[in-house]
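Novice: kindly return the folded structure for what I paste below:
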Amino acid sequence: MNKLLIISKEKEKYLSLFKQSDLPDLEICHDLRKADIVLADPPLILDLLNQFESVDWVQSTFAGIDALTHPDLRQDYDLTNVKGIFGQQISEYVLGYCIQYFRHFALYEQQQQQKQWQPHSYSSLTNKIMVILGTGSIGCALASTAKALGFTAYGINRSGIPPKDSPFEKVFHITEMCNAFKQANVIVSTLPKTEQTVGLLNIETLNDCNGALLFNVGRGDVIDNYGLLHALESQSLSHAFLDVFINEPLSQECPYWHHPNITVTPHIAAISFPEQVFEQFSENYLRWRDGFSLLNLVDFDKGY
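Specialist: Sure thing, here's the model as predicted:
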């Protein structure tokens, strides 16, 4: 019998889903030393890794697994994450704020409080260019949704090669990033945390964005704070919508809180719904039990 240990803030929900499932040869385990499989929120097991004596496979409940890929941590197990379930939520977040910004909805809300009747000229999303850093499942889903609302979507990745069935009009190599930014009305980072992405959006790369909006829904480390603030001050960027940060919760002393051209949200652009996570876990468990390759297997060297 295979033994599953669940370590998550949503543990009770996962236990309920397990009881409703019909996964063969699998039982719940409460002993870290005996578990074969761990279903976990990565930050919660960071300090427990060395206590897992029998673990073969860890299924992350998050897309982001950078907490577990540091080279000093053990890597003698298979690590998988969840994919393909966040694109809709990310699209709602990015496009919702885009529509609010370009149509002045927040301004009209303020005017209503003052009983002020004052229309303002606005621009449509049609023919605007959205540049998306990262052409994985989230980037592709966002590009497809953005196109449906009139955007032209450009992608940026490490190869410059479009993904299969690409929704992007163009895909730029990451070395061509600044050229893409010059054309952008909206820039969105969906990038994971790797050595190559830390500080990628800095004073040089954000210097000539022609007033674009910037969204960060990937990892906080991609943004250099000084570079971002300089770009907003110089109006290279018009506004930044930030959902992820190097340190969370965001420090009370951080200048982002009170900056008029920064919108802060508490890492809510996309969350892991247990039902969707457990569906992917169940499919992977059956593959693992029958000796097939796991889906969404993480490459520790690449960090994703």
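
Novice: now do the strands in the protein.
Specialist: 2-7, 26-28, 37-40, 57-60, 78-80, 129-133, 152-157, 170-173, 186-189, 212-216, 237-242, 262-264 (DSSP state E).

Novice: got CSV for those, with mean neighbour count too?
Specialist: Where C-beta positions appear, they are placed from N, C-alpha and C, glycine not excepted. Shown next, in CSV, are these (neighbours: other Cβ atoms under 10 Å):
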stretch, mean neighbour count
strand 2-7, 20
strand 26-28, 14
strand 37-40, 24
strand 57-60, 23
strand 78-80, 19
strand 129-133, 26
strand 152-157, 23
strand 170-173, 18
strand 186-189, 26
strand 212-216, 25
strand 237-242, 22
strand 262-264, 17
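
Novice: find the centremost residue of the protein, please.
Specialist: G218 (3.6 Å; Cα atoms, centre = their mean).

Novice: wait, that one sits on L191?
Specialist: Yes. Look at G218 against L191 with Cβ atoms under 8 Å: they come within range, at 4.3 Å.

Novice: residues shared between the contacts of the two?
Specialist: 133-134, 197 (Cβ atoms under 8 Å, 6 or more residues apart in numbering).

Novice: S234: which of those residues is nearest?
Specialist: Comparing those against S234 with Cβ to Cβ places L133 closest, at 20.7 Å.

Novice: how far away is V277 from Y285?
Specialist: Plainly put, V277 is 12 Å away from Y285 if you go by Cβ to Cβ, to the nearest Å.

Novice: next up, the contacts around L213.
Specialist: Applying Cβ under 8 Å, 6+ apart, the residues near L213 are 97-98, 101, 185-187, 237-241.

Novice: repeat that with 6 Å
Specialist: Residues in contact with L213 (Cβ atoms under 6 Å, 6 or more residues apart in numbering) are 186, 238-239.

Novice: same check, this time on L295
Specialist: Counting by Cβ under 6 Å, 6+ apart, L295 has contacts N284.

Novice: any idea of the pLDDT on it?
Specialist: For L295, the pLDDT comes out at 96.
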